[in-house]
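*Asks:* Sequence and predicted structure are below.
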Amino acid sequence: AAELEAVLPAAPAPAAAAPAAAPPAAEAPPAPAAAPVAPHPETPAETRPAPAPSCDAMPPPAPVQKPQKTLIVTHLECANHVTPALMGTDYVAGAAAPFASPEQPERVKAVWAALKQCAWTCGGAKIVDTVELATSPTLNRGLNDTLERFASPETGPFEGPPNAPKRQSPTRTASVEFLFDDLEPVVLRVHDFDYLSRVATHVEALQRAESGVSEATETKRTLLRCVSTTLTGDTFACARSLHAALCASYTVCKAIDTVVRGEYRNAFCVVRPPGHHAGQSGSTRKDQKAPDEDEPGLVGQGFCLINHVAVGARHALARHGSTIKKVVVIDWDLHHGNGTEQILSDPDGPLAREGLRDRVLFCSIHGAGPDDAPLYPGTRREPSTTPALNVPLKRGSGPAEFLRGFQTILDAAEAFNPDLILISAGF
């Protein structure tokens, strides 16, 4: 249904045997100079309040004997990324939506509801923890701060309508610190700043439209909050889309942390908007023209805004570099994970520029489609082993062909000898 990122440690993996305490974060290489983002204002350590438990913090796992538990986690913010459910409902843009998006909030809700109603026991012991993260008011202020910094790093953040109180720097709780110090730098290493700035500027425009609606026109206000506007031909955004995308990546990175620390055997993240088609600059098509002369460039692709599995892989190398030396990313969605391959495996991609390309192996098994109607996005329709391992399946392939192709991926992953395996399940 929705974009699902599963985090599975390889066996025998140092991560699975790691103590509960988090290892010291490896020093990440310097960020590319093209990201003109000023550092966050620091609060003196002696004046910082002690982080309080909140809805956005991952709770400690309940103790359990063998078998070690699995974490299934979602973030409620993901449902706030709203896309047109019906053609012609694109009220924010003032025009009809070109099509009804199949990527709906109801999908992630249905997946989560189905997973939660399972018993998840083995020998009478509970073997799965289901965790719902939510956006606390403090984390929401942190997300707003990140959004504003992306949208206007030089001119300053949008302050809202006239006479509105100026936004205060968010209190640095543990969740906000993770957002500012861990997640935001990694997102900026995976995606171009110009791309993130275009998305943030677009989302801020929707927020300004919403803030300008009279309180008396509550029906119109609801429409502005709940419907989306087209970023590209197939990707939509609303006023909370970037919040949702950041929280999805936040959830994936937090789940990786729990697995690396040995708190869980593996983890399954139910998050959206999806991510595996989002490349370094959103679209991976170098020949793609802007939709119109007023649009500086494409700002998304294939329903995707931020590539969560690529962010997760880069986070694992940055935060857990002493434990995680190699990462395998396996994409088994019907469609090729073109954005993930570009970020992780392209000789000119973000990881290659940091000298990390040899530490990540990307593998994809996907449908190729017939020659006259290739499956979206139309990339990697022939088998390849470099720069990434691609196993395209011809139309009409069945279980036997899939299993043979997947065995090729398992053999390559075993030879790579990773410390962490990330599964990108797509839709």
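*Replies:* Perfect, I can see it now.

*Asks:* Could you use CA atoms for every contact and neighbour count after this?
*Replies:* OK.

*Asks:* Which strands or helices does the longest strand seen in the chain pack on?
*Replies:* The single longest strand within the chain, with elements called by DSSP state E, is strand 360-367. Here strand 360-367 touches strand 327-331, helix 338-345, strand 389-393, helix 399-416, going by 3 or more C-alpha pairs under 8 Å, 6 or more residues apart in numbering; DSSP states H and E.

*Asks:* ok, residue 197 - contacts?
*Replies:* Applying C-alpha atoms under 8 Å, 6 or more residues apart in numbering, we find residue 197 in contact with 150, 151, 152.

*Asks:* now residue 110
*Replies:* Under the contact definition (C-alpha under 8 Å, 6+ apart), no residues are listed for residue 110.

*Asks:* Start from the N-terminal end of the stretch 1-150 of the chain and give the strands.
*Replies:* In order along the chain, the stretch 1-150 of the chain carries the following strands (DSSP state E, counting those that start in this stretch): 4-8, 70-75, 121-122, 125-126, 128-133.

*Asks:* and residue 340, what pLDDT?
*Replies:* pLDDT recorded at residue 340 is 97.

*Asks:* Run a quick neighbour tally on the residue lying closest to residue 144 once chain neighbours are set aside.
*Replies:* Leaving out its chain neighbours, the residue that sits closest to residue 144 by C-alpha to C-alpha, 6 or more residues apart in numbering is residue 243, at 7.8 Å. Look at residue 243: counted by other C-alpha atoms under 10 Å, it has 23 neighbours.

*Asks:* and residue 243, that one's in a helix?
*Replies:* Yes. Under DSSP: H, G, I helix; E, B strand; the rest coil, residue 243 sits within a helix.

*Asks:* now it: how far from residue 137?
*Replies:* When C-alpha to C-alpha, to the nearest Å is the yardstick, residue 243 and residue 137 sit 13 Å from each other.

*Asks:* same deal with residue 188?
*Replies:* Where residue 137 is concerned, residue 188 sits at a distance of 24 Å (C-alpha to C-alpha).

*Asks:* Any chance of the strands of the stretch 1-150 of the chain in a markdown table with mean neighbour count as columns?
*Replies:* Below are the strands of the stretch 1-150 of the chain laid out as a markdown table (neighbours: other C-alpha atoms under 10 Å):
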| stretch | mean neighbour count |
| --- | --- |
| strand 4-8 | 26 |
| strand 70-75 | 23 |
| strand 121-122 | 11 |
| strand 125-126 | 15 |
| strand 128-133 | 18 |
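
*Asks:* could I get those as a markdown table with mean pLDDT and distance to residue 175?
*Replies:* As requested, the strands of the stretch 1-150 of the chain are exported to a markdown table (pLDDT from 0 to 100; distance: least, C-alpha to C-alpha, whole Å):
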| stretch | mean pLDDT | distance to residue 175 |
| --- | --- | --- |
| strand 4-8 | 42 | 21 |
| strand 70-75 | 96 | 13 |
| strand 121-122 | 86 | 31 |
| strand 125-126 | 88 | 28 |
| strand 128-133 | 95 | 11 |
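
*Asks:* Can you say which of the ones you listed is nearest to residue 399?
*Replies:* Nearest to residue 399 among the strands of the stretch 1-150 of the chain is strand 4-8 (21.6 Å), distances taken as C-alpha to C-alpha.

*Asks:* what about residue 371, how many neighbours?
*Replies:* A count of nearby residues for residue 371, using other C-alpha under 10 Å, gives 11.
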